[in-house]
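J.: any chance you could fold what I've pasted below:
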Amino acid sequence: MRQGVTIVCAETLTVPQLIAELLGARIVIGLEGSQLSHGLFTLHDKGGMLAIQPPDRLYNGYMDAMNVLGMRYGIVVGEQRQSGFHLPLGDLLRTIDLMDTKLC
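T.: Okay, here's the model as predicted:
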């Protein structure tokens, strides 16, 4: 990755703070779910969204919206573990790098 990552905890921010943190983001990365909509509405015009997907379900609800908007969408699927699921850091980093090259 050529640039850093900012971790945003939406539940600790006011709406104006959340918008300020996300507005114009090049790539939004998050666990699959409704919280990704915050990223959808604040992404850069040609940005990308990367959903971290648990291995026991699949939901690509944002893929159609991203395609219509001319933006990139990707998923990276974690591994099932007894305690939930695990996403190896290398898998996440490789997927971020792949999306990053598609946005150039």
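
J.: any buried residues in stretch 82-102, and which?
T.: Within stretch 82-102, the residues that qualify as buried are 87, 95-96, 99-100, counting by 16 or more other C-beta atoms under 10 Å. For every residue, glycine as well, the C-beta is placed using N, CA and C.

J.: next: stretch 61-77.
T.: Buried residues in stretch 61-77 (16+ other C-beta under 10 Å): 62, 66, 71-77.

J.: now do stretch 16-26
T.: 18, 21-22, 25.

J.: that older thread, and of the buried residues of stretch 82-102, the nearest to Leu13?
T.: Taking C-beta to C-beta as the measure, Leu13 sits nearest to Ile96 out of these, at 22.8 Å.

J.: need the three-state assignment for Leu93.
T.: The local conformation at Leu93, judged by DSSP: H, G, I helix; E, B strand; the rest coil, is helix.

J.: and it, how far from Cys9?
T.: 21 Å (C-beta to C-beta, to the nearest Å).
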